[in-house]
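Enquirer: Got a sequence here, can you model it:
(2 chains)
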Amino acid sequence: MMGPTQSPPQQTPSSLTQDHRVNAVCEEFEKAWRADAGPRIEAFLEKAGASDVGDILRELIALEVELRRGRGESPSPEEYLRRFTGWDEEVSGAFSSCSSLPAKTTITLRDTRSATAPPFPGVGMRIGDYEVLGEISRGGMGVVFRARHVHLKRLVALKMVLSGPLATPTDVRRFMAEAQAAASLDHENIVTIHEVGEYLGYPFFTMRLVEGGNLSAHLDRLRDEPHAAARLVARVARAVDFAHRQGFIHRDLKPGNILIDERGSPHVIDFGVAKRAGAESGLTLHGAAVGTPSYMAPEQARGRPGEVTIAADIHGLGAVLYELLTGRPPFRGPTVNDTIIQVLEMEPVPPRKLNPSAPRALEMIALKCLEKKAERRYGSAAELAEDLDRYLRGEPVEAARIGPSGQVARLVRRQPDLAARLFGVGGVLAFTQLNYLVGRNMDLKRHLEVSAVEFLWLALSPLLWWLERHDGGSERARTVWIAADIAFATACIAVLDAGGTPYVGGYTLLIATSGLWSRVRLVWLTTIISIVGFLLLAYPRPAAPTFHPNVIVVLLATTGYVVAQQVRRFQALSAYHDQRPVP
Amino acid sequence: MGQDQGGSVTGWIKGLEAGDSAAAQALWERYFTSLTRIASQRLAGRRAGSMEDEEDAALSAFNSFCQGVVRGRFPKLDDRDDLWRLLMVITIRKVSAQVERERARKRGGGHAALPMDLDAIIAGDPTPEFVAVMSEQYDNLLEKLGDDDLRQVAIHRMEGYDRAEIAQLLGCAVRTVARRMELIRKTWAAETE
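Expert: Predicted coordinates:
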């Protein structure tokens, strides 16, 4: 091990890669510190390479000293000399560099607060002409304060955008221009922006203070009052329509952006500004997800801002109605990636499945708003409001008129696993009949046998699907379904005595299909059962001399491996997006 | 190896340290003002030329910086973290290499030589070509950092914030900003070699 005195002298420039290594360790340390994980320098040193130890130690001590001072502690060099005996040079180097930092002299903000105050900006501070009285909420993109204008004594809500999406001054300038434009929106159900400003390069705007919290707090009550929910959404829709006619698109309508005052009236916030602040696609430039995409329209989730029209707001209003009916947003997966896939591909669970007391008409209205294709939604927020009025008057609603082709399409999107089986097995059954009638090269007995197996498979699929649903998509239920599929496929091939024909390719299809459930174990299980099924078929019977079953076994195993690998990659990406801190 | 320009740049910085830094800052601001004007013209030209969605007209970090200068926020030229100096040196290199190539192509073409040292460049007015190369190099250098944490620090620094302010903005330790800044400086300095 290298002694401290042999560590490279300061003046030799360390290599860039070494600096990157040292930096990475320090970043990890600070992240752990801020997460209150109580990181220990000693533990970080153990992981470091011998040539990096000195540099990492010096940096980590300097970092820890600064972070501890920020907590109001006063760490001493003696303490660190005791903790790291033999590393005197690094300890004193760290201390001399931290005292030379301008931490105590130039940070003017810190002077106004005690050492234990929350990080910038905080209560008691002045932001422009406003005095911060308290924090109302804090989210991924910024903070909302209750504040008072120093001269006018007017109480306002002050929203400051702190995070990543507005990285450059141009972004800030545009954001401010848009907020300024939105200040012209004058509607009783839209919270008007008073003033736009900038503080330390971060934009803020002030708006009318609405006491009473946002719609999320009223979900429980409104779930059992569909009339009140419909009236509320209709009012919001009319306000949104007013803004649409002035050329504004909200792009981030959700319960959290609808405030409810003491009289129960809704007030939409963030009109014209949610767009810039990262909500426009839910993704930042680098693809990191901002917040939950649960309320996003599919065209927004695809990240093509050019396609986003007022239809995205219709979708948002539908999502709000959906949540009022069911108590949960229309799309919610375990990870951000899962949620985005649901937004893009899946139909929402019909509200009445989640809350049987929800009126059918409102279910229809919500689902029409949540259509994947923008042109299938209401043409304007006003049309949505009118349809809600129809429900309130007890008339039949426009949304109930959906053609049979629309219903089939909806079923396919809602239950892709069932639809795939019905289509696949149904198709095979149909062609079996056609081939028998046209080809006439099979005896009737065998034809009836194979048709019976296929028919049974087709008929049992809905039952298996229902079981899987009923069991909450558990692994056990899915295993049963997989085993049944493979058994039917094997039976078909056995009846046809086709173990040595291309029909065994069906097994690879089943393995690939199991990948749709995104569980590595299920993929391997399918692979193993497929191989067993195939072996039962292939070995007892003599096959063509050029056909070697072991080759198929290798192919099946490889297919399983590749599909499992894809699933693993998908899971890694999901985990990455979920762990990434919201900037 | 670039020792040729190194001499005058060092001399310029030395002069800055020894002499009247307020005057140097004034010179610097004058230079940036005209640099910014050219960058805005370029930007305006690009916008008028293409009728694409404004969202798509990806504005480079350099142009954004110029918008900051328009609003009166000048980078300071006061300490050893000065990334602008590195960007200037790299740009001068690039431009002189281009001129060199041009000259080799039409040998004896009688081109007026560009002033190739920092003093002369700062004393004169930036040309549109120079600004174009600078903007390109800036994007390039940001790309080289390969990490958003580093890029954020670099952009804030280029916009004139000091370490303590950047630490406040990013919610991290001042030490961390200093460490990242050192990495940025080294990465960019490697480009001048």
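
Enquirer: Run through chain B and note the low-pLDDT ranges.
Expert: Within chain B, the ranges that satisfy pLDDT under 70 run B:1-28, B:40, B:42-81, B:106-124, B:193.

Enquirer: ok, now with 90
Expert: For chain B, applying pLDDT under 90 flags the ranges B:1-149, B:151-174, B:178, B:182, B:185-193.

Enquirer: now do the stretch 51-200 of chain A
Expert: A:51-55, A:58, A:62, A:65-188, A:191-200.

Enquirer: one more time with 70, if that's ok
Expert: Ranges of the stretch 51-200 of chain A meeting pLDDT under 70: A:97-123, A:138-142, A:162-174, A:200.

Enquirer: tell me the helices in it, going along the chain?
Expert: Using DSSP state H, counting those that start in this stretch, the helices of the stretch 51-200 of chain A run over A:53-70, A:77-83, A:88-100, A:103-106, A:108-111, A:169-182.

Enquirer: now those helices in TSV, with mean neighbour count and distance to chain B?
Expert: The way it works is simple: take the backbone N, C-alpha and C, and place the C-beta from them, glycine included. Formatted as TSV, those follow (neighbours: other Cβ atoms under 10 Å in any protein chain shown; distance: least, Cβ to the nearest Cβ, whole Å):
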stretch	mean neighbour count	distance to chain B
helix A:53-70	22	5
helix A:77-83	14	15
helix A:88-100	17	7
helix A:103-106	13	5
helix A:108-111	13	6
helix A:169-182	20	4
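
Enquirer: Which stretch among these approaches A:Glu395 most closely?
Expert: helix A:169-182 (35.4 Å; Cβ to Cβ).

Enquirer: gap between A:Phe205 and chain B?
Expert: A:Phe205 is 18 Å from chain B, where distance means Cβ to the nearest Cβ, to the nearest Å.

Enquirer: The helix or strand that residue falls within: partners in the sheet, and parallel or antiparallel?
Expert: A:Phe205 belongs to strand A:202-208 when elements are defined using DSSP states H and E. Strand A:202-208 has its sheet partners listed here by DSSP bridges as strand A:155-161 (antiparallel), strand A:193-199 (antiparallel).

Enquirer: and those as TSV, adding mean neighbour count?
Expert: Listed next are those as TSV, based on neighbours: other Cβ atoms under 10 Å in any protein chain shown:
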stretch	mean neighbour count
strand A:155-161	22
strand A:193-199	18
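
Enquirer: any idea which helix or strand comes after the strand holding A:Phe205?
Expert: Toward the C-terminus from strand A:202-208 - assigned by DSSP H and E - lies helix A:219-223.

Enquirer: May I see the buried residues of that next one?
Expert: For helix A:219-223, the neighbour count (16 or more other Cβ atoms under 10 Å in any protein chain shown) marks A:Leu219, A:Leu222, A:Arg223 as buried.

Enquirer: what's whichever helix or strand comes after that helix packed up against?
Expert: Following helix A:219-223 in sequence order, the next helix or strand is helix A:226-245 (DSSP H and E). Here helix A:226-245 touches helix A:219-223, strand A:266-268, helix A:310-326, helix A:360-369, helix A:381-392, going by 3 or more Cβ pairs under 8 Å, 6 or more residues apart in numbering or on different chains; DSSP states H and E.

Enquirer: show me where chain B has helices.
Expert: B:3-18, B:21-49, B:61-70, B:83-105, B:118-123, B:128-145, B:148-158, B:163-170, B:174-191 (DSSP state H).

Enquirer: on that earlier part again, please identify the most buried of the helices and strands packed on helix A:226-245.
Expert: Sort the helices and strands packed on helix A:226-245 by mean neighbour count, taking mean count of other Cβ atoms under 10 Å in any protein chain shown, and helix A:310-326 sits at the top with a mean of 26.
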